[in-house]
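Student: Model the structure of this input:
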Amino acid sequence: MKLYLICFLFIVEATLHNALVFKFSNVICESHNKSWFVFNHCRLKAVSRDRILLNMEGTVLHPVSNVQVHIKVFKRASGYKPWLYDIQIDACRFLKRSYNPIAKIVYGLFREFTNINHTCPFVGPQIVKDFYLKPELLLLPLPTGDYMLALRWLFFNRIQFDTNVSFVFVEDIATKKKVH
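Tutor: Model (predicted):
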């Protein structure tokens, strides 16, 4: 009986992951202080129907040892409305020891695609290359919808730049493709 239950749960889990749509829809990068931070490029690239890659490169022009990140999640409903998360973290402290569970999930989504993997100070190119969303890394349940992750970056408590990443999340078993 236990074996049947384990097999059933495994099949349900596999079915849920196969029915999942989790892809980028837009990215906006804006530098507010080009004497400290400049975006070299910020774009999405569609490589297949189900996979869209995010490529972003910016340059920190002076060494920075005090970085704050204000993270907000918005859900689209007649425009983007604040939804559930609005936190601010000390990025230097977080990279030494990840202390915030939401920031840990967000960072875990793109950690393997970036060179932002060391503690402060930051200087020079900061790159996110060929980043795509992996559903298995999203540890929080999300209802189907369009979302925007807004990241506001502050150096020494002054706004430097914003990165707003929009994505679509759909989990619908009824739309699952049949495998032949």
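
Student: sec struct for residue 99, please.
Tutor: Counting by DSSP: H, G, I helix; E, B strand; the rest coil, the backbone at residue 99 sits in coil.

Student: phi, psi of residue 117?
Tutor: phi -140, psi 20 (degrees, to the nearest 10).

Student: Just the element for residue 95, please.
Tutor: helix 91-96 (DSSP states H and E).

Student: Any buried residues in that helix, and which?
Tutor: Neighbour-count burial for helix 91-96, counted by 16 or more other CB atoms under 10 Å, picks out 91, 92, 94, 95. For every residue, glycine as well, the C-beta is placed using N, CA and C.

Student: next one: stretch 110-119
Tutor: 110, 113.

Student: Low-confidence ranges, the protein, go.
Tutor: Applying pLDDT under 70 to the chain flags residues 1-19, 139-140, 172-180.

Student: hey, what's the closest residue to residue 32 other than its chain neighbours bridged with?
Tutor: Leaving aside its chain neighbours, residue 32 sits nearest to residue 159 (5.1 Å; criterion: CB to CB, 6 or more residues apart in numbering). Taking DSSP bridges as the rule, residue 159 bridges to residue 154.

Student: Before I go, just wanted to say thanks for your time.
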